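Novice: Got a predicted structure plus its sequence, pasted below:
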Amino acid sequence: MALQIAHNNHEGHQPQLHAGLVEVYVLFVNTTNRTLDLYWMCDDRENMYLSLKPFEEVRVNTFNTHSWFFRDFYTGERMHVRSRRIFHPVRIRVPKNPQHPDQLCDVRSQVLIHFPMRSLRENCLWLIARWLIRTSNSPRRIINGYNIPITLKQQLLVLLTTIESYTRVAVTRRRR
């Protein structure tokens, strides 16, 4: 995890915040080839923050009480940070001067967003579902016409429903 001095350091003092609330500095990096939606959660409310294009990064000042998660812009598939679906920010401080180790400053930590580890089966199902949504007006009819086991058909239908549902919800959130 790369670190850099947070430019908005308060000379070693945090601004007056609620008890237990600590400002944390992160640099989110999209390491995927997909556009991602970044969400933060507080008090069980999901708040869309922004969309991040492939291989872009964004500096974010957040709080230790905010959890973050990341979704594919088009499908809603969850991405991971350090192989986890949810990222919990942690304040990182380092000595400002080696001669005075008690004088600490905040640093911005690099947070790499990546694809989840998937089985070959899951990978294929996601690819087929994405392809059907892009190329067909009636993907459910096409899936039902496939000569494949019923369990695969059911899993593809679940993915289609997930993608369609996320698309409806995300469009509303992006307008806010």
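Specialist: Sure thing, it's come through.
Novice: Okay, buried residues for the helix ranked longest in the chain please.
Specialist: Ranked by residue count and defined by DSSP state H, the top helix of the chain is helix 150-175. By 16 or more other C-beta atoms under 10 Å, the buried positions in helix 150-175 come out as 155-156, 159-160, 163, 166, 170. For glycine as for every other residue, the C-beta is placed from the backbone atoms N, C-alpha and C.
Novice: List just the nearest of those to D37.
Specialist: Of all those, A170 has the smallest distance to D37: 6.3 Å, by C-beta to C-beta.
Novice: For that closest one, report the pLDDT, please.
Specialist: Among the per-residue scores, A170 shows a pLDDT of 86.
Novice: I figured it hits E77, correct?
Specialist: No: here A170 lies out of contact with E77, judged by C-beta atoms under 8 Å, at a distance of 11.9 Å.
Novice: Overlap in contacts, these two.
Specialist: R71 (C-beta atoms under 8 Å, 6 or more residues apart in numbering).
Novice: ok, back up a step: helices and strands around the longest helix of the chain, which ones?
Specialist: Packing partners of helix 150-175 (3 or more C-beta pairs under 8 Å, 6 or more residues apart in numbering; DSSP states H and E): strand 36-42, strand 45-52, helix 120-135, helix 139-145.
Novice: for it, the distance to its chain's centre please.
Specialist: Distance of helix 150-175 from its chain centroid, counting by C-alpha atoms, centre = their mean, to the nearest Å, is 17 Å.
Novice: Also stretch 43-56?
Specialist: Counting by C-alpha atoms, centre = their mean, stretch 43-56 comes out at 6 Å from the chain centroid.
Novice: how near is the most centrally placed residue in the chain to V24?
Specialist: By C-alpha atoms, centre = their mean, the chain has its centre lying nearest to F70, at 1.7 Å. Distance from F70 to V24, counting by C-beta to C-beta, to the nearest Å: 17 Å.
Novice: ditto for N47
Specialist: For N47, the distance to V24 - C-beta to C-beta - is 16 Å.
Novice: Output the contacting helices and strands for the lengthiest strand in the chain.
Specialist: Longest strand in the chain, counting residues (DSSP state E): strand 100-114. For strand 100-114, the packing partners by 3+ C-beta pairs under 8 Å, 6+ apart come out as strand 3-5, strand 23-30, strand 80-81, strand 93-97.
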